[in-house]
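J.: when you get a sec, could you give me coordinates for this:
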Amino acid sequence: MLPALEETRHIANTIKPIEFMKYLVNNGSTTWKFASKADDDSFVNLGKVAIARVYTHPDPVYNYPQGGFYSFSWELVCTLVELYEENPIQDEHEDVLNGRLLYEAHEDFEFTILHHPLAFDYDEKNEDVSAWAHRVISDAIYVHNLKEDETYLKVASMFDANGTKAEIPA
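T.: Coordinates of the predicted model:
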C-alpha cells in the first residue's frame with residue numbers, strides 16, 4: 001500500500017500510520033467521517049466503536065491516543081497530515097507522535113479510549129475479565145494479540161454482523 005516505506009518494525013511503530021493518513025488525504029477525492037488505525041494482530045468490532053469515553057492520557061506534557069486501535073475524525077486526519085508535512089518528526093512512537101504534533105501546534109483536540117474489559121489482549125483460557133488478557137466477552141470491541149492465523153480466525157468466528165454472537169464458540 002505504501003511502497004515508498006520500508007517494512008520495518010521501527011517504521012511500523014513510528015511513522016507508518018501517519019504516512020498512511022497522508023496517503024488517504026493526498027490520493028483520491030474520497031473523504032470519510034473517520035479514519036482508524038488498528039494493529040495487524042487485532043480484531044475490531046466496528047459496530048461497537050462508538051462506546052467510548054473521554055480519555056486523557058496521564059502524560060505530563062500532552063495527551064495522545066494510546067494503544068493498538070484509535071480513530072480520528074476526517075478533519076483531525078487532515079490536520080495531522082498538514083502538521084506532519086510541516087514538521088516531519090521521525091523519532092516518536094506513532095501514537096505519541098499524533099499527540100505531540102497537535103500539542104506543539106496548539107490544536108484543540110480530545111481523544112476517547114476503549115476501556116478494559118471491552119478492549120483487551122486475548123487469552124482464551126483466562127475467565128477473569130478484569131485481567132489484562134482474557135477470553136472474548138459479549139460486546140467486546142477490540143481484541144488484541146492474535147499472532148497466529150488460527151487464533152485470529154477463531155476470534156473472528158465469535159462475531160457476526162450484529163457484534164458478538166449470542167453463543168461464543170469454545
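
J.: so how far is the longest helix belonging to the chain from its chain's centroid?
T.: Counting residues, the longest helix in the chain under DSSP state H turns out to be helix 74-86. The chain centroid and the centroid of helix 74-86 are separated by 17 Å under CA atoms, centre = their mean, to the nearest Å.

J.: with just CA atoms, put that helix into CSV.
T.: Listed next in CSV are the C-alpha coordinates belonging to helix 74-86 (Å, rounded to 0.1, in the frame of the first residue of the first chain):
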residue,chain,number,x,y,z
TRP,A,74,-11.6,13.2,9.0
GLU,A,75,-10.9,16.9,9.9
LEU,A,76,-8.4,15.7,12.5
VAL,A,77,-6.7,13.4,10.0
CYS,A,78,-6.3,16.3,7.6
THR,A,79,-4.9,18.5,10.4
LEU,A,80,-2.4,15.8,11.4
VAL,A,81,-1.2,15.3,7.9
GLU,A,82,-0.7,19.1,7.5
LEU,A,83,1.2,19.3,10.8
TYR,A,84,3.3,16.3,9.9
GLU,A,85,4.2,17.7,6.5
GLU,A,86,5.3,20.9,8.3
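
J.: how about it: buried residues?
T.: By neighbour count, and taking 16 or more other CB atoms under 10 Å as the criterion, the buried residues in helix 74-86 are W74, L76, V77, C78, T79, L80, V81, L83, Y84. Any C-beta I mention is one placed from the backbone N, CA and C, and that applies to glycine too.

J.: same check, this time on stretch 41-49
T.: When burial is assessed from 16+ other CB under 10 Å, stretch 41-49 yields the following buried residues: D41, S42, F43, V44, N45, K48, V49.

J.: between all of those residues, which two are separated the most?
T.: D41 and K48 (19.3 Å; CB to CB).

J.: quick one: mean pLDDT over stretch 91-105.
T.: Mean pLDDT, computed over stretch 91-105, is 92.

J.: and if you look at stretch 63-82?
T.: Stretch 63-82 comes out with an average pLDDT of 88.

J.: before we move on, what about stretch 136-145?
T.: Model confidence over stretch 136-145 averages 90 on the pLDDT scale.

J.: quick one: the helices in this protein, in order.
T.: For the chain, helices defined by DSSP H occupy the ranges 9-13, 16-26, 74-86, 94-104, 149-156.

J.: most tightly packed of those?
T.: Ranked by mean neighbour count, the helices of the chain are led by helix 94-104 with a mean of 20 (mean count of other CB atoms under 10 Å).

J.: what packs against that one?
T.: With contacts taken as 3 or more CB pairs under 8 Å, 6 or more residues apart in numbering; DSSP states H and E, helix 94-104 sits against helix 16-26, strand 69-73, helix 74-86.
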